[in-house]
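Generate a structure from the sequence data that follows.
(chains A, B, C and D)
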2 protein chains.
Amino acid sequence: MRQLPTVEDVARIAGVSRQTVSNVLNSPAIVKPETMTRVKAAIEQLGYRPHASARRLRTRKSSTIGVRLDPMSNGISGSLLDRFLHALTERAAERGLRILLFTARTPEHEIEEFRRLRDGSDVDAFVLTSTFRQDPRTAWLLENDVPFVTFGRPSGDDDLGEPIHPWVDVDGFSGSNQATNHAIDGGATRVGYLGFDDGTTTALERRAGWASASAERLGLAGRDLAILALATEDGVPQGNAAATTLLASPAPPDAIVCASDSLALGAMMAAAGLGRNALPVIGYDNTPVAAAVGLSSIDQPLDLVAQSALELLFGETGSTVAAHVHSAADPIHRLLTPTLVARRSTELASVENSGFPLAGNHHER
Amino acid sequence: MRQLPTVEDVARIAGVSRQTVSNVLNSPAIVKPETMTRVKAAIEQLGYRPHASARRLRTRKSSTIGVRLDPMSNGISGSLLDRFLHALTERAAERGLRILLFTARTPEHEIEEFRRLRDGSDVDAFVLTSTFRQDPRTAWLLENDVPFVTFGRPSGDDDLGEPIHPWVDVDGFSGSNQATNHAIDGGATRVGYLGFDDGTTTALERRAGWASASAERLGLAGRDLAILALATEDGVPQGNAAATTLLASPAPPDAIVCASDSLALGAMMAAAGLGRNALPVIGYDNTPVAAAVGLSSIDQPLDLVAQSALELLFGETGSTVAAHVHSAADPIHRLLTPTLVARRSTELASVENSGFPLAGNHHER
DNA sequence: ACCAAGCATTTGAACGATCAAACTGTGCAG
DNA sequence: CTGCACAGTTTGATCGTTCAAATGCTTGGT
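Next up is the predicted model:
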């Protein structure tokens, strides 16, 4: 393999010194325009590329963000994080940042990786995707002054036990609220809800959005409301089972809002199985499946999430970690609003029943 | 931020020299056991981590693999590459390798990134995921002696115009052949085929597997065979439309084998729409959706693909690029065999029709 | 005419590791 | 007793870059 050109080589050709070449690349403002042209020509001529590792060794910055890739993509909804990863990679590239993936079996092991990556100047910051209550990882990162953002806010935002850290999240309350209102706009008078039973903030929040809309517009509360909701694990079969239960109750719902597309798909199947093809069903996350089967769903603005995460870490435009990140005074949160994507699954009530409930939406893509 | 310990610090504490510390980490064999213990203790005591960038600067190796993340995950099947990425990241981690993601809009831009990443010692090798006929990227990589593997073999394996490079692929012929045989085992006498119209090797291969099985076991050939196949773009609506056409023909198929789960899902819908719920349908790629709706599908052994890719690059176990990679004599290809995952969509013929064709498979996961 | 201030550029040192060569000490054959 | 081989360790140089301080050259105020 041939010897690569270095700053020294460029400097010789351009008739200047190393440092001037360095300045052309890093502090263009302080270089005389004429010199600049000469150096740039030399760079071009030699096909010079700075040696990233040498730079990192000296500056202790890497222009790289560490992201842990979760072991398995769990079913249909697992792709959400993959989609986020795509968005993050693209947005990062726009700022000259790159993404370094790694894996870890346990939080402790992950912290070990944090340390290795940070100490080796491999990454400047981390983006965490699935945090949980009293997460030891966020605690460690805060304690060691390692810049990071989480996608998903900590369990208790105003919980005194949890220290404050930067996060970006999508407003789950708004999402299920919109979904519920959409169902009501379509004529529903009793909107059912299929949610998660894992006790996470996400689960509570999404349920609350549904409950709020049901209370405000349908006057439902207390037990009247509670009997319309079921909480299960995520999954198509679980959704199917739960929806079947709801629909078999004495006062069944006339629309169902779900906390995931998997649950929603199960619910659609259950409805169809009971001959209730026209039952409006709304999912969550707007996965490719939802688009494929014509399921209305709540879309999370992942691109905006990625953009916001980077802004919290690096400021509006830069690619070096912003100093203000750890000052608690600044707004280090971003709560984004999701949007409803209406498809056939909620138009059936007003449209002639086409015979097959899961017909694809031909107008998309 | 506190000053991190260096080899020098460790050496002082252990009462040895820099190089001995370095040897403990990189060539443990040549260090006297007693010294070793002392140095290891010092490392532990100080919490020393080698500085990755300094090492890279010196050795010109990074223990990192570059992967381009495709701009958008295209629909249901797009997740295939994401799943591969997961597998690759995990397998790589086992060898102490990491994955660096990057994006590029055009092949030219991507080559530019190759150069930058290689010259900066950011990555040791690349893994390419979607190669195409006369791909300028593989040409550049070969020309510049940059180690790489592709997932997917070049269009013409024995095409003289294409130079040889290492690749891993999954045998598409075998996949659709298994699918077709499975349908025939289930009683089908005329197996339809929905494929891609993009003229790729993949498309041709998968069609050939179906054609071969149909010829051997059903005695179909020539026009009799051709009228059972349709080629379209990938997508649920396209599958729906194509299957509708096939089923409306004078001599319709009694089972359908598809080149993707998207097409298969569309086919299932079309069948159901025509009241032919029991029509066996088989998809390809075994996406989460297939599992969710009980669609039989061909599963690609992505974990094995990842493992094989790494073996081709780094040898059986190592983490430094194997020298033999570019010697044309070695077996630098791996053709893996996919497996069929049978689900409800191909059991309906023998089982009582449950009324709803897309019922989830409750026994999974 | 002089010195202070400023701009553009250069120089020496440093970042933390590994390589290559030099150095020790021990055992053993001649 | 000398010399050679060899295992184990140390030393000096080096990778390519940027930092911090120094240099040379203008400019302008008094």
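
so what's A:Leu228 closest to, chain neighbours aside?
Once flanking residues are discounted, A:Leu228 sits nearest to A:Gly192: 4.9 Å by C-beta to C-beta, 6 or more residues apart in numbering or on different chains. In short, each C-beta sits where N, CA and C put it, glycine included.

Do any residues in stretch A:37-53 lie close to chain B?
Yes: Stretch A:37-53 lies within reach of chain B by C-beta under 8 Å from any C-beta of the partner chain, at A:Arg49, A:Pro50, A:His51, A:Ala52, A:Ser53.

The residue nearest to the fourth one when sequence neighbours are not counted: what's it in contact with?
The shortest distance from A:Ala52 to any residue that is not its chain neighbour, by C-beta to C-beta, 6+ apart, is 3.1 Å, and that residue is B:Gly120. Contacts for B:Gly120 (C-beta atoms under 8 Å, 6 or more residues apart in numbering or on different chains) come out as A:Arg49, A:Pro50, A:His51, A:Ala52, A:Ser53.

hang on, the earlier thing: the residues of stretch A:37-53 next to chain B in helices, which ones?
A:Ala52, A:Ser53 (DSSP state H).

Reformat the residues of stretch A:37-53 next to chain B as CSV; add pLDDT and neighbour count.
Output for the residues of stretch A:37-53 next to chain B, formatted as CSV (pLDDT from 0 to 100; neighbours: other C-beta atoms under 10 Å in any protein chain shown):
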residue, pLDDT, neighbour count
A:Arg49, 92, 16
A:Pro50, 93, 18
A:His51, 93, 20
A:Ala52, 90, 22
A:Ser53, 91, 25
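
just checking: which of the residues of stretch A:37-53 next to chain B also lie near DNA strand D?
Among the residues of stretch A:37-53 next to chain B, the residues lying close to DNA strand D (C-beta under 7 Å from any atom of the strand) are A:Arg49, A:Pro50, A:His51.

picking that back up, what's the most distant pair in the residues of stretch A:37-53 next to chain B?
A:Arg49 and A:Ser53 (11.9 Å; C-beta to C-beta).

Would you mind naming what in chain A lies close to DNA strand D?
Going by C-beta under 7 Å from any atom of the strand, the residues of chain A near DNA strand D are A:3-4, A:6-8, A:18-19, A:21-22, A:25-26, A:48-51, A:54-55, A:57-59.

Apply the buried test to those residues and list what passes.
The neighbour-count test (16 or more other C-beta atoms under 10 Å in any protein chain shown) marks A:4, A:6-7, A:21-22, A:25, A:48-51, A:54-55, A:57 as buried among the residues of chain A next to DNA strand D.

For the stretch 251-365 of chain A, just list every one of the strands.
For the stretch 251-365 of chain A, applying DSSP state E, counting those that start in this stretch gives strands covering A:255-258, A:281-284, A:296-299, A:333-336, A:339-341.

Touching, A:Ser17 and A:Ala11? I think so.
Yes: between A:Ser17 and A:Ala11 there is a contact at 5.5 Å, judged by C-beta atoms under 8 Å.

Show me which of those two is the more surrounded one.
A:Ala11 (18 against 13; other C-beta atoms under 10 Å in any protein chain shown).

which element is the more buried one on?
In this assignment (DSSP states H and E), A:Ala11 forms part of helix A:7-14.

what about the following helix or strand past that helix and chain B, touching?
Sequence-wise, the next helix or strand downstream of helix A:7-14 (DSSP H and E) is helix A:18-26. No: applying C-beta under 8 Å from any C-beta, one finds helix A:18-26 separated from chain B by no less than 12.9 Å.

And the contacts of the helix holding A:Ala11?
A:17-18, A:20-22, A:35, A:38-39, A:41-43, A:45-46, A:48, A:50.

ok, which of the residues you listed also contact DNA strand C?
With C-beta under 7 Å from any atom of the strand as the criterion, the contacts of helix A:7-14 include A:Ser17, A:Arg18, A:Thr20, A:Thr35 near DNA strand C.

Export these to CSV and append columns for distance to A:Asp198 and pLDDT.
Formatted as CSV, these follow (distance: C-beta to C-beta, whole Å; pLDDT from 0 to 100):
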residue, distance to A:Asp198, pLDDT
A:Ser17, 61, 94
A:Arg18, 57, 94
A:Thr20, 59, 96
A:Thr35, 62, 93
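
mean confidence for stretch A:306-323?
In this model, stretch A:306-323 has a mean pLDDT of 78.

coming back round to it: if I average pLDDT within each of the strands of the stretch 251-365 of chain A, which one is lowest?
strand A:333-336 (a mean of 92).

Okay, buried residues for that one please.
Buried-residue list, strand A:333-336, by 16+ other C-beta under 10 Å: A:His333, A:Arg334, A:Leu336.

closest to DNA strand C out of the strands of the stretch 251-365 of chain A?
strand A:333-336 (33.8 Å; C-beta to the nearest atom of the strand).

who touches the closest one?
So strand A:333-336 is contacted by A:153, A:166-171, A:300-301, A:304-305, A:308, A:311-312 (C-beta under 8 Å, 6+ apart).

I'd like to know which elements the worst-scoring helix or strand of chain A on mean pLDDT is packed against.
Lowest by mean pLDDT, DSSP states H and E among the helices and strands of chain A is helix A:288-293, with a mean of 84. Applying 3 or more C-beta pairs under 8 Å, 6 or more residues apart in numbering or on different chains; DSSP states H and E, we find helix A:288-293 packed against helix A:261-273, helix B:261-273, helix B:288-293.

list the contacts for A:His165?
A:Thr138, A:Leu141, A:Leu142, A:Phe148, A:Val149, A:Thr150, A:Pro154, A:Ile332.

Out of the residues you listed, flag the one nearest to DNA strand C.
Among the contacts of A:His165, and counting by C-beta to the nearest atom of the strand, the member closest to DNA strand C is A:Leu141, at 20.9 Å.

part of a helix, is the closest one?
Yes: A:Leu141 forms part of a helix when assessed by DSSP: H, G, I helix; E, B strand; the rest coil.

Okay, strands next: where are they in the stretch 101-250 of chain A?
Under the criterion DSSP E, counting those that start in this stretch, strands of the stretch 101-250 of chain A are mapped to A:125-128, A:148-151, A:167-170, A:191-196, A:229-232.

okay if I get the residues of stretch A:37-53 next to chain B as TSV plus distance to B:Ala215?
Formatted as TSV, these follow (distance: C-beta to C-beta, whole Å):
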residue	distance to B:Ala215
A:Arg49	54
A:Pro50	59
A:His51	58
A:Ala52	55
A:Ser53	57
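
hmm, back to that, any chance of the helices and strands packed on helix A:288-293 in a markdown table, plus distance to B:Leu97?
Formatted as a markdown table, those follow (distance: least, C-beta to C-beta, whole Å):
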| stretch | distance to B:Leu97 |
| --- | --- |
| helix A:261-273 | 33 |
| helix B:261-273 | 31 |
| helix B:288-293 | 27 |
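
mind checking which of those helices is nearest A:Ser63?
Of all the helices and strands packed on helix A:288-293, helix B:288-293 comes closest under C-beta to C-beta, at 34.1 Å.

Centre of the chain to the closest one, how far?
Its chain's average C-alpha position is 19 Å from that of helix B:288-293, according to C-alpha atoms, centre = their mean, to the nearest Å.

same deal with stretch A:46-61?
For stretch A:46-61, the distance to the chain centre is 31 Å (C-alpha atoms, centre = their mean).

What are the contacting residues of that stretch?
A:4-7, A:9-10, A:13, A:25, A:42, A:62, A:121, A:124, A:320-321, B:51, B:53-54, B:56-57, B:62, B:115-116, B:119-122.
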